[in-house]
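[1] pasting the sequence and the predicted coordinates here, then a few questions.
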Amino acid sequence: MSTSSLRDVQMWMVAAITGTEADAKPQDVERYVTAGPRLSASGRFAIYRSGYHARLVECLLDDYPVLAAMLGEDQSDALCREYIDRHPSASPNLNAYGRHMSSFCREAKLESFPGFDAIRGFAADLATLEWALVEVLHAETAPPLEIAELQAMAPDAWARARFIRSDALRVFRFEYPVNAVFIANRIDEIVPEVPGPAPNALAVYRKDTQLWRMELTPAMVGVLEPLVAGKALGEALATVEADESNPEVLAETGANLMVWFREWVDAGFFTRIEVDAPPPTDPGPDPDPGS
Amino acid sequence: MVSPSPLNRFSLPNLGIGLGLRTVHYAHILEHAPAVEWFEILSENYMQTKGRPLHFLDRVAERYPIAMHGVSLSIGGTDPLNRAYLAELKALRDRTKALWVSDHLCWTGVAGKNTHDLLPMPYTEESLRHTASRIRQVQDVLGAPLALENPSTYVEHAGNTMTEWDFLAALAKEADCALLLDVNNIYVSAYNHGFDAADYFAAIPFDRVVQLHVSGHTNHGTHIVDTHIGPVIDPVWELLGQAYRATGASILLEWDAEIPSFEETHADALRAKEFIVKAAS
């Protein structure tokens, strides 16, 4: 066996394990592997073929237990198998293997899953939520901002304050009520009907070792979303004020902003505050040098 | 336990009877600090993460000796060694102060595609030279011996020119690496391929064995799959007793699916003592 032949054996074997049955024809299998005491060469080789899909399906089901429950065993298996064909693993580590599921649900044409088009928006939103839980589990966390730091900030600094978010925080706007579905399945242990659209917002985060979800009102997400995007509080509030479509949001923000900040700081949403320098004061017109 | 001085040429200690560290047991371990002699971690569970897994690992590593066991080194693969993976592996070793690092005699993928399976090597001179060269490179990066584990396999390559045990012995000598002898894998492969476990044992350079693995499996009649499920059967324990008598190496029970309570898992691991005494008598 030459150097290239070791490579050739490996190229054939991976293609035959990960491909269709046509990629593992019995005559090819028998050329590369031997029969055993109780199984033919193809029978033995099939153990690797079935193991490949089973292993990756198990990984995806581990990351997406609620999506799998909502779809049912056969359809979740079909979804996973199409995902595996579209996204073979290229990493030595499976921790991030399922990261494409939301976009896959939103865009993929699933030949083995008739009817998926009717639920793809919901499935994509639910996958986003479940993947966020995986991401925040693996995210690094710096020591959280202390409430005392918030209280010590000078009143005129608030508008210029940027609240640096924890890496273990994600903020989403969803089209479907996926948190309610998550609670129904994981806590109440039921499998609800696929819901209709109902826009909502959610924060997904980790505090210490515990994963949490916090539902956000339109007013809360209106402030929090620009903050986690890096905007100063003054800019975030200006965005809220500029939206005249819902005056209740503005009123709710004015009444509750400090309560929200206490809640967000207590949840560990932020790690520190950076205050922009104040804008330079206008010195007025230069004195007339000739006078 | 019966604990002779370590007989391995690397002077790595006999840590006693250990368990694979599994997430379902984290809470019990941290709350009760059970009298387990050491833990083996699955390296990849603590790589590509900066979060909760490392939080628990750090606390376990504060209390117990740790060894690292990987599944993704692909030491027999023909793609270039993954340097980023190796760097992270070394960083994890530094973090845990793991006494040794092990992985399998196998390959996991090619041309950038990873099957996440422990695929069998063709046992040929070419494979031997290729794999030995890569082991030496890995040991240079780690700055420590790599312990290579004999795999469970379900096919044999038509192009094989030597047995697995002769290949493993020659490879260990050529690469000057350590061995992790998995007695369940010997049992599984002997069943699947129709060889005698005694032939395997006769060829193993026991002075290179620094660790022993034992585990349950699933017998489908036509073949056995190394599932790491269920209590260890007596014939596998008997192989463990023989291997321990020859090596005095650290023992580790692997239980990876349908995992029972910590106490039940630990109790199964401690059955090793019974078979060590039996093998010595």
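    Right, received. Where do you want to start?

[2] can you list the strands that the helix or strand hosting residue B:41 pairs with?
    The secondary structure element spanning residue B:41 is strand B:38-42 (assigned by DSSP states H and E). According to DSSP bridges, strand B:38-42 has the following sheet partners: strand B:17-20 (parallel), strand B:66-69 (parallel).

[3] was I right about residue B:278 contacting residue B:241?
    Yes: in terms of C-beta atoms under 8 Å, residue B:278 counts as a neighbour of residue B:241; the distance is 5.6 Å. C-betas here are computed from N, CA, C, even on glycine.

[4] okay, the two: which has more neighbours?
    When residue B:278 and residue B:241 are compared on other C-beta atoms under 10 Å in any protein chain shown, the one with more neighbours turns out to be residue B:241, at 21 against 14.

[5] kindly provide the distance from that one to residue A:168.
    47 Å (C-beta to C-beta, to the nearest Å).

[6] ok, back up a step: would you list the strands paired with strand B:38-42 in JSON lines and tack on mean neighbour count and distance to residue A:187?
    As requested, those are arranged in JSON lines below (neighbours: other C-beta atoms under 10 Å in any protein chain shown; distance: least, C-beta to C-beta, whole Å):
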{"stretch": "strand B:17-20", "mean neighbour count": "23", "distance to residue A:187": "30"}
{"stretch": "strand B:66-69", "mean neighbour count": "24", "distance to residue A:187": "35"}
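
[7] quick one: the ones you listed as CSV, columns for mean pLDDT too.
    Written out in CSV, the entries for those read as follows (pLDDT from 0 to 100):
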stretch, mean pLDDT
strand B:17-20, 97
strand B:66-69, 98
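
[8] average pLDDT across the strand holding residue B:41?
    Taken as a whole, strand B:38-42 carries a mean pLDDT of 98.

[9] which helix or strand lies directly C-terminal to it?
    Using DSSP H and E, the helix or strand that directly follows strand B:38-42 along the chain is helix B:52-63.

[10] what packs against that next one?
    helix A:120-138, helix B:26-32, helix B:83-96 (3 or more C-beta pairs under 8 Å, 6 or more residues apart in numbering or on different chains; DSSP states H and E).

[11] closest to residue A:36 out of those helices?
    helix B:83-96 (32.7 Å; C-beta to C-beta).

[12] buried set for the closest one?
    Residues B:85-86, B:88-90, B:92-93, B:96 are the ones in helix B:83-96 that count as buried (16 or more other C-beta atoms under 10 Å in any protein chain shown).

[13] do the same with stretch A:263-274
    A:264-265, A:267-271, A:273.

[14] that stretch near chain B at all?
    No: residues of stretch A:263-274 are not located near chain B by C-beta under 8 Å from any C-beta of the partner chain, the shortest gap being 12.9 Å.

[15] want to try a markdown table for the helices and strands packed on helix B:52-63, with mean pLDDT and distance to residue B:16 as columns?
    Compiled in a markdown table, the helices and strands packed on helix B:52-63 are given as follows (pLDDT from 0 to 100; distance: least, C-beta to C-beta, whole Å):
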| stretch | mean pLDDT | distance to residue B:16 |
| --- | --- | --- |
| helix A:120-138 | 98 | 32 |
| helix B:26-32 | 97 | 16 |
| helix B:83-96 | 97 | 18 |
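
[16] quick one: the strands in the stretch 101-250 of chain A, in order.
    With DSSP state E, counting those that start in this stretch, the ranges of strands along the stretch 101-250 of chain A come out as A:161-165, A:169-174, A:200-207, A:210-216.

[17] and those: which comes nearest residue B:272?
    Ranking those by proximity to residue B:272 (C-beta to C-beta) places strand A:210-216 first, at 36.4 Å.

[18] give me the contact list for the host helix or strand of residue A:15.
    Secondary structure here is read from DSSP H and E; on that basis residue A:15 sits in helix A:3-18. Contact partners of helix A:3-18, identified using C-beta atoms under 8 Å, 6 or more residues apart in numbering or on different chains, comprise A:1, A:23-24, A:28-29, A:32, A:45, A:48-49, A:52, A:88, B:77-78, B:107, B:109-111, B:113, B:115, B:117, B:119, B:122, B:124, B:126-127, B:130, B:157, B:159.

[19] go ahead and build a ChimeraX selection from the buried members of these.
    Buried residues within the contacts of helix A:3-18, by 16+ other C-beta under 10 Å, are selected in ChimeraX with:
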select /A:1,24,28,29,32,45,48,49,52,88 /B:77,78,107,109,110,113,115,117,119,122,124,126,127,130,157,159
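
[20] if we can go back for a sec, from the buried residues of stretch A:263-274, which ones fall inside strands?
    For these, the ones inside strands are A:270-271, A:273, with DSSP state E as the criterion.

[21] got CSV for the residues you listed, with pLDDT too?
    Formatted as CSV, the entries for those read as follows, by pLDDT from 0 to 100:
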residue, pLDDT
A:270, 97
A:271, 97
A:273, 96
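
[22] of those, which is the nearest to chain B?
    Chain B has its nearest neighbour among those in residue A:271, at 13.8 Å by C-beta to the nearest C-beta.

[23] ok, for the closest one, nearest residue in space, not its chain neighbours?
    The shortest distance from residue A:271 to any residue other than its chain neighbours is 4.3 Å, reached at residue A:142 (C-beta to C-beta, 6 or more residues apart in numbering or on different chains).

[24] and residue A:181, by the same measure?
    What sits nearest to residue A:181 in space, not counting adjacent residues and going by C-beta to C-beta, 6+ apart, is residue A:192, at 5.9 Å.

[25] so what's the one you found up against?
    Residue A:192 makes contacts with A:70, A:180-181, A:184-185, as judged by C-beta under 8 Å, 6+ apart.

[26] any low-confidence regions in the chain?
    With no chain named, the answer covers chain A. Counting by pLDDT under 70, chain A shows low-confidence ranges at A:1-4, A:284-291.

[27] hmm, no, I was thinking of chain B.
    Scanning chain B with the threshold set as pLDDT under 70 gives B:1-6.
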